[in-house]
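> After the sequence you'll find the predicted model.
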Amino acid sequence: MNTPGGFGQYISVPAGWVIPLPAGLTLKESMMIGTSGLTAAIGAEKIMKQHIIPESGDVLVTGATGAVGSFAAALLSHLGFRVIAATGKHVQAVFLKKIGAAVVIGRNEVTDIPKKPLLSSRWIAVLDTVGGEMLDAVIRQTAHNGVVACCGNVTGNDFSTSVLPFILRGISLKGIDSGIAAMNDRVRIWNRLATDWKPASINHLYRDVNLDDLPVEIERMLRGEQVGKVLVNLVDG
């Protein structure tokens, strides 16, 4: 969406991009969720459409301190799943448990594995925001008839794996694209996020900054130090 005005108080966009604010969400809550929350929710729905329920097993979320990952962890926990949060930011374990993660592991605990096409099953589903070698690693450790939903390419656009997880365990790989998702899908998911899918921990998933703080926050993001979502106050900045 290469459209200027992202930090303006007003922006002109095509009508086809806009949906009504669902009843049950304040305008601020809709921004707490934002595109990252919508992406996470699409991924969660793809997992559940594969008949994965909380009793099926653990769900792994990679890149769990990011905007998509943290919302995914909060949402899946809210929906009753036991969430394993993988992160490179070990100091954020308290934050991740506050938003609903049952277990916090280092990303190296996922990727530092033998180079075998199949490994012991550790989770039934994955919401991966990282891509690259992480995506390959989680696929090889997903249980029979599990599903991996992928939306990220932080570690690269390419990954290498074998067909064995797919033909011997029946694993499904699902892509997540919120940018041009069908309008009826967006409306349905936003309405769920306004009701039964609104995480109980939503107020822990973001922090407010003013417009003047934006350069510092962008630098923090580029250094890989951001956690959760940063909500920019365009009124008081």
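Here it is on my side, so go on. Quick caveat, the model's predicted, so the values are computed rather than measured.
> Three-state assignment for residue 187, please.
Of the three states, residue 187 takes helix according to DSSP: H, G, I helix; E, B strand; the rest coil.
> What distance do you get for it to residue 22?
8 Å (Cβ to Cβ, to the nearest Å). Where C-beta positions appear, they are placed from N, C-alpha and C, glycine not excepted.
> Look at these two and report which has more neighbours.
Neighbours were counted for residue 187 and for residue 22 using other Cβ atoms under 10 Å; residue 22 has more, 17 against 14.
> contacting residues for that one?
Residues in contact with residue 22 (Cβ atoms under 8 Å, 6 or more residues apart in numbering) are 30, 190-191, 193-195.
> distance of the nearest residue to it once chain neighbours are set aside from residue 13?
Excluding its sequence neighbours, the residue lying closest to residue 22 (Cβ to Cβ, 6 or more residues apart in numbering) is residue 194, at 3.7 Å. Taking Cβ to Cβ as the measure, residue 194 falls 21 Å from residue 13.
> Residue 37 now?
From residue 37 to residue 13 the distance is 19 Å (Cβ to Cβ).
> more crowded one of residue 194 and residue 13?
Remark: of residue 194 and residue 13, residue 194 carries more neighbours, 18 against 10, as counted by other Cβ under 10 Å.
> What distance do you get for the more buried one to residue 20?
Residue 194 is 11 Å from residue 20, by Cβ to Cβ.
> what does residue 140 give?
43 Å.
> So between those two, which is more surrounded?
Just comparing residue 140 and residue 20: by other Cβ under 10 Å the higher neighbour count belongs to residue 140, 23 against 8.
> Mind checking the pLDDT average for the helix or strand that contains residue 84?
Taking DSSP states H and E as the criterion, residue 84 maps to strand 83-87. Averaging pLDDT along strand 83-87 gives 98.
> Tell me which helix or strand comes right after that strand.
Heading C-terminal from strand 83-87 (DSSP H and E), you reach helix 93-98.
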